[in-house]
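Test case, fold it:
(2 chains)
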Amino acid sequence: MTDTSVTLSGIKLDNPVIPASGTFGFGYEFADYYDINILGSISFKGTTKEPRFGNPTPRIAEIPSGLINSVGLQNPGVEKVISSEIPRLSKYFKKPLIANISGFSVDEYVCCAKMLDKVNQVGILEINISCPNVHGGGMSFGTCPESAAEVTRAVKSAVSKPVYIKLSPNVTDITKIARAVQDAGADGISMINTLLGMRIDLKTKKPVIANTKGGMSGPCLLPLALRMVYEVYEAVDIPIIGMGGISCAKDVIEMMLAGASAVQIGAANLVNPYVCRDIIENLPDVMRQYGIQNLSQITGGAHNGK
Amino acid sequence: MRQSFFEICENEKIADKVYKMTLLGDVSQITAPGQFVNIKLDGFFLRRPISVCDIEKDRLTVIYKVVGNGTLAMSELKKGAELNLLTGLGNGFDTALSGDFPLLIGGGVGAPPMYFLCKQLVKQQKKVTAVLGFNSRTDVFLVNELESLGARVLTATVDGSFGTKGFVTDILPQNYSYFYACGPEPMLRAVYEKTVTEGELSFEERMGCGFGACMGCSCKTKYGNKRICRDGPVLKKSEVIF
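Residues are numbered from 1 along each chain as shown, chains lettered A, B, ... in the order given. A predicted model of the protein is given here:
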């Protein structure tokens, strides 16, 4: 008998498969396609204090084995997320949620985190200090160890639920940021957010994305994400939710061997809306194929020693 | 929405860079004219959203223009090949609002959804006028097919090589009950300004998923933010902000 369950900060998930923020909306629309209650958890659309329309369109560009997005945190604002979006999702998904939070100031992160901390179904607060698509916030907190630590400390002191910090790959040494947030009290790390990129339209000779640049995601990022998760796993002792280009059950196992305790699936949802269900269904067979009985025991298996 | 496989029955050129592809598969999710399908192509990460031109029993027809590498690859596909499609995407046109003398306006590859729409309206005993616009004679398609359905068809080309010289807005008839338009944004804007009745406009935008998950194709309307792929692609004239 194979066991796909994993644990994140004391919260047991039936399996490690979590749709990543920004690729699954607030989940309830996917309930038209399959029973979303089979998911390990759901990291819902990045939430800010005020409602946001986001960036101008075009917001999407294709790249080899992936895409660039520059949505810019479009969301209805934390009050509406709590009063309307989470209750709609709760009809279909009954397990602990991951609340993804973004902000433009430390106060804003704290404000949203406090409000979502009080929502019963929220199990983990995922603090996004790595959105590449907004100015004056987001990634600017995640590219410097001091400000990453400042956000972490401020949120940690204001909430009771586990705080995971979502890290940016757009840095010279991600292990420094990871250590800084661990030292500031983070309960875990989500990584990686998207990698900055751009495309230029040969007909117009201008950038495809209205906002010029955007975040790359998709299978082209898997090797980069694996390398970074592998490095951070050696640098910290808190759990890692690994993401970046995962699109099948084998990728899940690879990411866990690199050091992830659970995984998020992002870009793959946009091409195959059933991909999380397919991965969950395939996991036991792939585990048997590679002689794995307890999935939770393979985390970090690719490392020597630790 | 459903993900299923379709078999290509034909894939032929019908105008300059314009191809008609007929596919065999489960069309049960396609419930309104103006909806689209999202097609997975080998070697490309994102699907290609293409409007539905017609459905008949288990046959789906799409007409598309080669505008980039994806549609170029699509044009090279052969009969018998299988394609993975998401079907039943988008809201589509509301035929219940057409009145007795609906006007259909299609510009370039905005014309294909007008075929299925025309077919539905003719079935409902409506007297349909279709106005089509193209750049030049070599771009023209669908005129005969719409006439065969029983529609009165008026055509304009920018260079005057076919039909009236000018744009669709130069040949709009005065008397009609309601309009439906699909085409490039400058055309939609001109139609928006020139039409006097309520109507519906179908928009295009670069999409990530095509089914509402990624917020890649959002737009602002008078009644709040909408996603072109899921809340659209068809918007009522009264809600559009240009």
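
ok, for the residue of chain B positioned farthest from its centre, nearest residue in space, not its chain neighbours?
In chain B, counting by CA atoms, centre = their mean, B:G43 sits farthest out from the average C-alpha position, at 25.5 Å. Leaving aside its sequence neighbours, B:G43 sits nearest to B:A73 (CB to CB, 6 or more residues apart in numbering or on different chains; 6.7 Å). For glycine as for every other residue, the C-beta is placed from the backbone atoms N, C-alpha and C.

where does the one you found fall, helix, sheet strand or coil?
Put simply, B:A73 is helix when judged by DSSP: H, G, I helix; E, B strand; the rest coil.

Count residues in the vicinity of it, would you?
Neighbour count of B:A73, defined by other CB atoms under 10 Å in any protein chain shown: 15.

got the contact list for it?
B:41-44 (CB atoms under 8 Å, 6 or more residues apart in numbering or on different chains).

And B:S218, by the same measure?
Contacts for B:S218 (CB under 8 Å, 6+ apart) come out as A:53-54, A:57, A:59, A:71, A:74, B:225-228.

can you pull the pLDDT of it?
Note for B:S218: predicted pLDDT of 95.

Pull out the buried positions in stretch A:3-11.
Of all the residues in stretch A:3-11, those buried under the rule 16 or more other CB atoms under 10 Å in any protein chain shown are A:4, A:6, A:8, A:11.

Next step: the residues you listed restricted to strands.
A:6, A:8, A:11 (DSSP state E).

and chain B, which of its residues are near chain A?
Within chain B, the residues that sit near chain A (CB under 8 Å from any CB of the partner chain) are B:1, B:3, B:40, B:44-47, B:70, B:86, B:205-209, B:211-220, B:225, B:230.

For the longest strand along chain A, C-alpha coordinates in PDB please.
For chain A, the longest strand by residue count, based on DSSP E, is strand A:122-128. Only the C-alpha atoms of strand A:122-128 are listed here, as PDB (Å, rounded to 0.1, in the frame of the first residue of the first chain):
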ATOM      1  CA  VAL A 122      -7.000  29.000   6.300                       C
ATOM      2  CA  GLY A 123      -4.200  26.600   7.400                       C
ATOM      3  CA  ILE A 124      -1.100  28.400   6.100                       C
ATOM      4  CA  LEU A 125      -0.400  32.000   5.300                       C
ATOM      5  CA  GLU A 126       1.800  32.200   2.200                       C
ATOM      6  CA  ILE A 127       3.500  35.600   2.000                       C
ATOM      7  CA  ASN A 128       4.400  36.500  -1.500                       C
END
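
What strands line up against that strand, and which way round?
Partner strands for strand A:122-128, per DSSP bridges, with pairing direction: strand A:97-101 (parallel), strand A:163-166 (parallel).

what's the spacing between the longest one and its chain's center?
In this case it means strand A:97-101. Relative to its chain's centre, strand A:97-101 lies at 9 Å (CA atoms, centre = their mean, to the nearest Å).

contact partners of that strand?
A:18, A:21-22, A:41-48, A:86, A:89, A:109, A:112-113, A:116, A:119, A:121-128, A:164, A:166.

can you check the shortest one too?
The list of residues contacting strand A:163-166 from outside it, by CB under 8 Å, 6+ apart, reads A:21, A:98, A:100, A:113, A:124-130, A:142, A:148, A:151-152, A:155-156, A:181, A:185-191, A:193, A:241.

what does the stretch 51-200 of chain A put close to chain B?
A:53-54, A:57-67, A:69, A:71, A:74.

Swap in 7 Å and give it another go.
Residues of the stretch 51-200 of chain A lying close to chain B (CB under 7 Å from any CB of the partner chain) are A:53-54, A:57-60, A:62, A:65-67, A:69, A:71, A:74.

which SSE is the residue nearest the centre of chain B in?
Residue closest to the mean C-alpha point of chain B, counted by CA atoms, centre = their mean, is B:P113 at 3.2 Å. According to DSSP states H and E, B:P113 maps onto helix B:112-123.

Helix B:112-123 and whichever helix or strand comes after that helix, what's the angle between them?
Next along the chain after helix B:112-123, taking DSSP H and E as the criterion, comes strand B:129-134. Angle of strand B:129-134 versus helix B:112-123, following axes from the mean of the first three to the mean of the last three CA atoms, to 10 degrees, is 170 degrees.

quick one, longest strand in chain B?
Chain B, longest strand under DSSP E: strand B:2-15.
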